[in-house]
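Asker: Structure of the sequence below:
(one chain, ligands or ions: 1)
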Amino acid sequence: MLTFNRLAIDIAHYRWLGHTTWQPLLSNITLDVRPGELVALVGSSGEGKSLLLQSALGLLPDNMRCRGEIRLDGQCLSDTDKIHQRGKTLCYVPQGVSALNPLLKVGPQLQRAARLSGVALGLDDVSRQLQQYNLQPELVDTYPRRLSGGMAKRVLASGAALTHARYLLADEITAWLDDEHACQLLHHFKRLCQQGRGVLWVTHDLALAARFADTIAVLHHGQLHETVSAQALRDNGASPWLQSLWAALPEQQFIHQRVPQPECPPHA
Ligand SMILES: Nc1ncnc2c1ncn2[C@@H]1O[C@H](COP(=O)(O)OP(=O)(O)OP(=O)(O)O)[C@@H](O)[C@H]1O
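Answerer: From the prediction side, this is the model:
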């Protein structure tokens, strides 16, 4: 199990004469991702969702510090462990497509990512994987600059799935995708979960989260506001605030009601 235990992330503010103050971005985040589970992490833009994923991989920028614990199968990860697990046990699917190396063709790039997790693949294997993600197999022989934004997102996601990493930390994998491609991609990720992998998926799409995730974790004002099963949300069992956001989605016929303040205790 991948566990964030009372995780906090602070940002440094440098002042005169080398004096530094730390401003909290996230505090007291406790969240589990179990093998076989798809956890959706939702929250407003700038809440710190991407940084939370990056903290597990030792990828926080130099001007940030992380407190609390990140545990893998019960064992607390040191900074060195995080670097060691990166790409092997924990695979990051970044939000930006600039993560693809512009100087390396897609096929060798995905082969390299798989190799890091201990899987040796031929270009034929990569082509087949691309086809499963509705991409042309010839893309193995293509440089990333020839991919559209949505194609590049699917290349990144399909590449992560090719690795043998037990946990995928997937940052907005469905952004820039139409509904059909987004659902196809999430069906693939659900299948990875059925095979025993754990996925922590950052998204702004509550409708997709309610449909595909097992658990939904909501960040608000630097805290974990609530963690609820997607089934509970669909059954009207989440906090009044989250339930109202859900009810206001087009998929729910925009049921209009006053949105309670998120500060209300859940289920108040
Ligand atoms: N190197 C940095 N120095 C200072 N602040 C930073 C740095 N990187 C990110 N931030 C700030 O940290 C906050 C959280 O960023 P993060 O990318 O995690 O947000 P997010 O929840 O993923 O947002 P979005 O949904 O828009 O992708 C933002 O306010 C961002 O400006």
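Asker: so for the helix or strand that contains W246, what's the average pLDDT?
Answerer: According to DSSP states H and E, W246 maps onto helix 240-247. On average, the pLDDT along helix 240-247 is 88.
Asker: mind listing what's buried in that helix?
Answerer: 240-246 (16 or more other CB atoms under 10 Å). In this view, the C-beta of every residue, glycine as well, is placed from N, C-alpha and C.
Asker: for the protein, what spans make up the helices?
Answerer: Taking DSSP state H as the criterion, the chain carries its helices at 49-56, 79-85, 106-116, 123-132, 149-162, 179-194, 206-212, 230-234, 240-247.
Asker: pLDDT-wise, which helix or strand of this protein ranks last?
Answerer: helix 240-247 (a mean of 88; mean pLDDT, DSSP states H and E).
Asker: Show me what that one is packed against.
Answerer: Helices and strands touching helix 240-247, as assessed by 3 or more CB pairs under 8 Å, 6 or more residues apart in numbering; DSSP states H and E, comprise helix 206-212, strand 223-229, helix 230-234.
Asker: rerun that using 7 Å as the cut-off
Answerer: Judged by 3 or more CB pairs under 7 Å, 6 or more residues apart in numbering; DSSP states H and E, helix 240-247 is in contact with helix 206-212.
Asker: follow-up on the earlier one: out of the buried residues of helix 240-247, who's nearest the ligand?
Answerer: The nearest member of the buried residues of helix 240-247 to the ligand, counting by CB to the nearest ligand atom, is L245 at 15.3 Å.
Asker: State the distance from L123 to P144.
Answerer: 16 Å (CB to CB, to the nearest Å).
Asker: neighbour count winner among these two?
Answerer: Between L123 and P144, counted using other CB atoms under 10 Å, P144 has the larger neighbour count: 21 against 16.
Asker: For the more buried one, give its distance to A238.
Answerer: Taken as CB to CB, the span from P144 to A238 is 39 Å.
Asker: ok, back up a step: could you figure out how far the least confident helix or strand of the chain is turned away from strand 223-229?
Answerer: Angle of helix 240-247 versus strand 223-229, following axes from the mean of the first three to the mean of the last three CA atoms, to 10 degrees, is 60 degrees.
Asker: Distance from the chain centre to helix 240-247, please.
Answerer: 22 Å (CA atoms, centre = their mean, to the nearest Å).
Asker: Also stretch 87-99?
Answerer: Here stretch 87-99 shows a centroid-to-chain-centroid distance of 9 Å under the convention CA atoms, centre = their mean.
Asker: ok, residues contacting it?
Answerer: 50, 53, 56-57, 72, 113, 116-117, 149, 152-153, 156-157, 160, 163, 165-173 (CB atoms under 7 Å, 6 or more residues apart in numbering).
Asker: and P61, how many neighbours?
Answerer: Based on other CB under 10 Å, the number of other residues close to P61 is 9.
Asker: Next, count neighbours for D32.
Answerer: 17.
Asker: Identify the residue nearest it in space, chain neighbours excluded?
Answerer: Leaving out its chain neighbours, the residue that sits closest to D32 by CB to CB, 6 or more residues apart in numbering is T3, at 5.2 Å.
Asker: Verify the stated contact: the one you found with G68.
Answerer: No - assessed by CB atoms under 7 Å, T3 is found out of contact with G68, at 10.2 Å.
Asker: The two: which is more packed in?
Answerer: More neighbours surround T3 than the other of T3 and G68, with 20 against 17 (other CB under 10 Å).
Asker: still on that earlier bit, is the residue nearest to D32 in a bridge, and if so with what?
Answerer: D32, R71 (DSSP bridges).
Asker: contacts for stretch 185-202?
Answerer: With CB under 7 Å, 6+ apart as the criterion, stretch 185-202 contacts 2, 33-41, 49-50, 53, 132-133, 154, 157, 161, 166-174, 177, 208, 212-213.
Asker: Please read the previous query as pertaining to stretch 164-174.
Answerer: Applying CB under 7 Å, 6+ apart, the external contacts of stretch 164-174 come out as 2, 33, 35, 50, 53, 56-57, 88-95, 117-119, 153, 157, 160, 182, 185-186, 192, 197-203, 205, 208.
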